[in-house]
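**Student:** How does the following fold in three dimensions:
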Amino acid sequence: MISIGGVIGTGLFVGTANALSNGGPIGLLLGYMIMGSIVYCVMISLGEMVAFLPIPGGHIKLAERFVDPAFSFAMGWNYWYNWTIVSPAEISAAAILINYWNHTVNDSVWVVMCLVVVLTINMLGAGAYGEAEFIFASIKVITITGLIILGIVIDLGGGPNHDRIGFRYWKNPGPFAQYDGISGVKGQFLGWWAVMTQAAFSFIGTEIVAIAAGEAKNPRRTLPKAIRRVYIRILLFYIGGTLVIGLLVPSNNPFLKLNSGTAQSPFVIAIETAGIKSLPSIINACLLTSAWSASSSDLYTASRAIYGLAASGNAPKFFLKTTRNGLPYIAVLFCASFSLLAFMAVSTGAGTVFQWFSNMTAVAGLMTWFGISVTYLRFYKGMQVQGMDRKTLPYYTNLQPYAAWWGVVSTLTVCFFSGWSVFLNGKWNTATFVTNYILLIAWPIMYVGARFYYGTKPVAAEDMDFKSDLAEIIADTYDEPPPKNRMDAFWQWLM
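**Tutor:** You can find the predicted model right below:
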């Protein structure tokens with residue numbers, strides 16, 4: 001349940017508001033479909049490697065084996081940055097959701113409240129985190145499933161107002177929005193492209209299902225199932241969710257603008273418009289738990305990422321200090337300190353701050369996917385040179401290496417043009433430029449710096465290590481017991 005619901009967060013529930021406003025219903029749907037294809041290619045690339053070598057450290061340690069230790073260094077710090085910066089984005093989203101009920105209270109109150117919840121869950125240890133995340137993930141899965149079904153009912157005229165919407169908003173105001181009032185195909189194209197970065201933010205974290213394989217039981221058997229099944233369900237949630245949003249809410253609705261101070265989730269807007277009493281507040285509360293869940297998960301992942309960097313010698317050793325129960329408390333408190341950036345919402349507005357941090361997170365996530373795709377291409381080359389048959393692997397597809405190349409080219413392209421809007425005439429915005437391009441500049445600096453500092457060089461295909469840890473992994477692999485009954489079979493298929 002955590003693997004399914006953990007990826008669903010404020011990107012879908014809140015971020016789609018701006019995406020619909022910028023791209024229109026078709027622009028929103030196409031943006032999510034194209035970004036979904038990118039993530040699918042990254043997932044099958046990562047899945048093939050990790051199913052073969054499910055080692056602790058996931059894609060970061062694989063990059064060390066198949067690309068370059070310096071490349072692994074850059075990926076490790078990028079991964080930590082990704083999960084550290086996304087936490088204040090989720091807290092800002094929580095402030096947006098709470099403002100639905102009360103606009104008179106200063107955002108700092110909501111930020112403090114969210115920080116206390118998130119930090120408490122993480123300081124109680126992995127057990128409390130797991131229990132809380134299971135509950136939150138269950139709420140998210142039930143909520144998005146119910147919202148998609150309810151959205152279809154409302155669209156067909158099943159709401160209290162019995163208004164059959166159909167594809168009305170695809171005709172007026174239209175299938176695409178004209179970005180910033182720019183007319184014609186140019187404005188529509190720019191509107192669609194504006195969706196891409198936000199869609200990337202929504203999909204961030206999908207790769208965790210495969211990365212966690214090193215700590216999972218029987219990963220050579222369970223991971224192929226995770227790749228084939230879990231990702232398809234996540235894709236359906238996102239594509240289904242964006243389709244429903246585009247049907248129910250016109251792209252010119254003023255409440256879609258996150259920097260307006262009166263922004264709402266598109267789902268809440270749709271339910272209110274349909275005339276359903278009380279339900280908007282209930283749904284908003286469910287979406288709020290989603291923001292708490294996502295922020296808690298972000299802090300947990302960030303703290304373990306920097307703990308892993310310290311264990312590998314790529315971060316100061318004091319991050320390795322733990323309590324008697326094994327909680328890396330210094331790592332948790334250090335990463336939590338970056339969540340204080342969410343207080344920027346007090347002076348700038350929660351919606352604007354959410355956009356800044358979601359941009360930074362999206363670029364970091366895209367660079368993670370870029371790194372995974374590059375690692376796979378080297379893995380693929382190494383297998384060719386060493387005469388290894390990919391068909392003997394626990395998981396493989398016939399889409400390679402083209403899928404990995406699509407991952408490399410597309411992620412770099414989206415990153416490079418992520419901040420294009422600041423280059424429009426009279427639209428320069430320093431904050432937007434920095435939040436979109438700071439990591440794109442920092443990544444090569446980290447990689448080149450590590451190359452010189454550690455004196456590393458790329459791993460030659462003939463020298464790649466495909467054998468270390470393999471004997472132990474194979475020895476620990478076993479066939480899953482067959483289901484005892486139909487209910488057991490359904491549960492195995494679902495999970």
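
**Student:** Now residue 89: closest residue in space that isn't a chain neighbour?
**Tutor:** The spatially closest residue to residue 89, leaving aside those adjacent along the chain, is residue 357, at 3.4 Å (C-beta to C-beta, 6 or more residues apart in numbering). Where you see a C-beta, it was placed from the backbone N, CA and C, and this is true even at glycine.

**Student:** Can you say which helix or strand has that neighbour in it?
**Tutor:** helix 350-385 (DSSP states H and E).

**Student:** which is the next helix or strand following that helix?
**Tutor:** helix 402-416.

**Student:** List the contacts of that following helix.
**Tutor:** By C-beta atoms under 8 Å, 6 or more residues apart in numbering, the surrounding residues in contact with helix 402-416 are 37-38, 40-42, 44-45, 196-197, 200, 363, 366-367, 369-370, 372-374, 376-377, 380, 397, 440.

**Student:** Quick check on the residues you listed: which are buried?
**Tutor:** Neighbour-count burial (16 or more other C-beta atoms under 10 Å) applied to the contacts of helix 402-416 gives 38, 40-42, 44-45, 196-197, 200, 363, 366-367, 369-370, 372-374, 376-377, 380, 440.

**Student:** For stretch 153-169, the averaged confidence score.
**Tutor:** For stretch 153-169, the mean pLDDT works out to 86.

**Student:** buried residues in that stretch?
**Tutor:** Buried-residue list, stretch 153-169, by 16+ other C-beta under 10 Å: 154, 155, 159, 165, 169.

**Student:** Looking at these, spot the one nearest residue 236.
**Tutor:** residue 155 (17.3 Å; C-beta to C-beta).

**Student:** any idea how far residue 373 is from the spatially most central residue of the chain?
**Tutor:** Nearest to the mean C-alpha position of the chain, by C-alpha atoms, centre = their mean, lies residue 204 at 1.4 Å. Going from residue 204 to residue 373 by C-beta to C-beta, to the nearest Å gives 15 Å.

**Student:** And for residue 152?
**Tutor:** Separation of residue 152 from residue 373 (C-beta to C-beta): 36 Å.

**Student:** okay, now residue 441: neighbour count?
**Tutor:** Neighbour count for residue 441, taken as other C-beta atoms under 10 Å: 9.

**Student:** mind checking how far it is from residue 416?
**Tutor:** Relative to residue 416, and taking C-beta to C-beta, residue 441 is found at 11 Å.

**Student:** next one: residue 72
**Tutor:** 23 Å.

**Student:** cool, and residue 451?
**Tutor:** Using C-beta to C-beta, one gets 22 Å for the distance from residue 451 to residue 416.

**Student:** between these two, who's got more neighbours?
**Tutor:** Using other C-beta under 10 Å, the more surrounded residue of residue 451 and residue 416 is residue 451, with 18 against 14.

**Student:** Checking the more buried one next. Helix, strand or coil?
**Tutor:** helix (DSSP: H, G, I helix; E, B strand; the rest coil).

**Student:** now swap in residue 418 and tell me
**Tutor:** Under three-state DSSP, residue 418 comes out as coil.

**Student:** how about it, what does it touch?
**Tutor:** Contacts of residue 418 (C-beta under 8 Å, 6+ apart): 196, 197, 359, 362, 363, 366, 436, 437, 440.

**Student:** ditto for residue 328
**Tutor:** Residue 328 neighbours (C-beta under 8 Å, 6+ apart): 303, 304, 307, 319, 320, 321, 322.

**Student:** Quick check: which ranges of the stretch 151-300 of the chain have low pLDDT?
**Tutor:** Low-confidence segments of the stretch 151-300 of the chain (pLDDT under 70): 209-222, 226, 228-234, 258-263.

**Student:** The residue lying closest to residue 90 once chain neighbours are set aside - how many residues pack around it?
**Tutor:** Of all residues not flanking residue 90 in the chain, residue 295 sits nearest, at 3.9 Å (C-beta to C-beta, 6+ apart). Residue 295: 31 surrounding residues under other C-beta under 10 Å.

**Student:** which other helices and strands contact the helix or strand hosting residue 295?
**Tutor:** Assessed by DSSP H and E, residue 295 sits inside helix 279-311. Helices and strands touching helix 279-311, by 3 or more C-beta pairs under 8 Å, 6 or more residues apart in numbering; DSSP states H and E, are helix 10, helix 69-98, helix 107-123, helix 126-155, helix 266-273, helix 329-337.

**Student:** what about those helices, which gets the closest to residue 30?
**Tutor:** Among the helices and strands packed on helix 279-311, helix 266-273 sits nearest to residue 30 (C-beta to C-beta), with 16.8 Å.

**Student:** what angle do that closest one and helix 126-155 make?
**Tutor:** Put simply, helix 266-273 runs at 40 degrees to helix 126-155, going by axes from the mean of the first three to the mean of the last three C-alpha atoms, to 10 degrees.

**Student:** hmm, back to that, present the buried residues of stretch 153-169 as JSON lines; the columns should include distance to residue 272.
**Tutor:** Output for these, formatted as JSON lines (distance: C-beta to C-beta, whole Å):
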{"residue": "154", "distance to residue 272": "11"}
{"residue": "155", "distance to residue 272": "15"}
{"residue": "159", "distance to residue 272": "11"}
{"residue": "165", "distance to residue 272": "14"}
{"residue": "169", "distance to residue 272": "16"}
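
**Student:** Widest-spaced pair of those?
**Tutor:** Those two in the buried residues of stretch 153-169 that are separated most widely, counting by C-beta to C-beta, are 159 and 169, at 15.0 Å.

**Student:** tally of neighbours for residue 15?
**Tutor:** Count around residue 15 with other C-beta under 10 Å applied: 26.

**Student:** Just give the closest residue to it, not the sequence neighbours.
**Tutor:** Nearest to residue 15 is residue 198, by C-beta to C-beta, 6+ apart, at 5.0 Å.

**Student:** check contacts around the one you found.
**Tutor:** With C-beta under 8 Å, 6+ apart, residue 198 has these contacts: 11, 15, 16, 18, 19, 22, 31, 358, 362.

**Student:** how about 10 Å then?
**Tutor:** The contact partners of residue 198, taken as C-beta atoms under 10 Å, 6 or more residues apart in numbering, are 11, 15-20, 22-23, 28, 31-32, 35, 355, 358-359, 362.
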